[in-house]
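[1] what follows is a protein structure lacking sequence information:
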């Protein structure tokens with residue numbers, strides 16, 4: 001099934017990060033730290049061994065992408081915003097929609113991402129949060 005997924009590549013990440021941070025993608029891409037930390041996070045949703053996918057579900061793949069970008073902290077600033085936008089791009093690229101409800105204000109979504117970054121929300125807790133908002 002993994003052949004059907006459209007994963008984000010490093011160039012996608014750099015363009016999203018540029019839009020979020022205002023730092024040109026070329027500058028971000030010239031940083032070994034940015035490239036290695038981002039590239040590592042971008043590969044997690046598709047990871048596995050043989051026919052085994054570590055993250056087989058759509059929501060799992062989307063959530064783990066966001067979580068790992070946040071945890072790897074590749075950018076000098078804007079990691080949570082960039083991670084969230086990468087997750088949204090992954091979802092939309094694969095035909096889904098992140099359907100935020102009326103209770104999901106900018107502030108409450110930011111709080112969820114801050115909790116994820118501070119490990120007050122587990123990765124599985126974040127997967128559950130995404131599951132309730134994902135419309136395939």
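    The structure has been received and is ready for your questions. A quick note: this is a predicted structure, and the numbers were derived from the prediction, not measured. Residues are numbered from 1 along each chain as shown.
[2] can you give me the helices in this structure?
    10-21, 25-29, 32-43, 58-72, 79-93, 106-117, 123-131 (DSSP state H).
[3] residue 4 is nearest to which of those?
    Residue 4 lies closest, by C-beta to C-beta, to one member of the helices of the chain: helix 58-72, at 10.6 Å. For every residue, glycine as well, the C-beta is placed using N, CA and C.
[4] how big is the angle separating the closest one from helix 106-117?
    Interaxial angle, helix 58-72 versus helix 106-117 (axes from the mean of the first three to the mean of the last three C-alpha atoms, to 10 degrees): 70 degrees.
[5] related to what we said a few turns ago, tell me the most buried of the helices of the chain?
    Most buried of those, by mean neighbour count (mean count of other C-beta atoms under 10 Å): helix 58-72, with a mean of 24.
[6] helices or strands up against that one?
    On a contact count with 3 or more C-beta pairs under 8 Å, 6 or more residues apart in numbering; DSSP states H and E, helix 58-72 meets helix 32-43, helix 79-93, helix 106-117, helix 123-131, strand 134-135.
[7] of all those, which lies closest to residue 61?
    helix 79-93 (7.0 Å).
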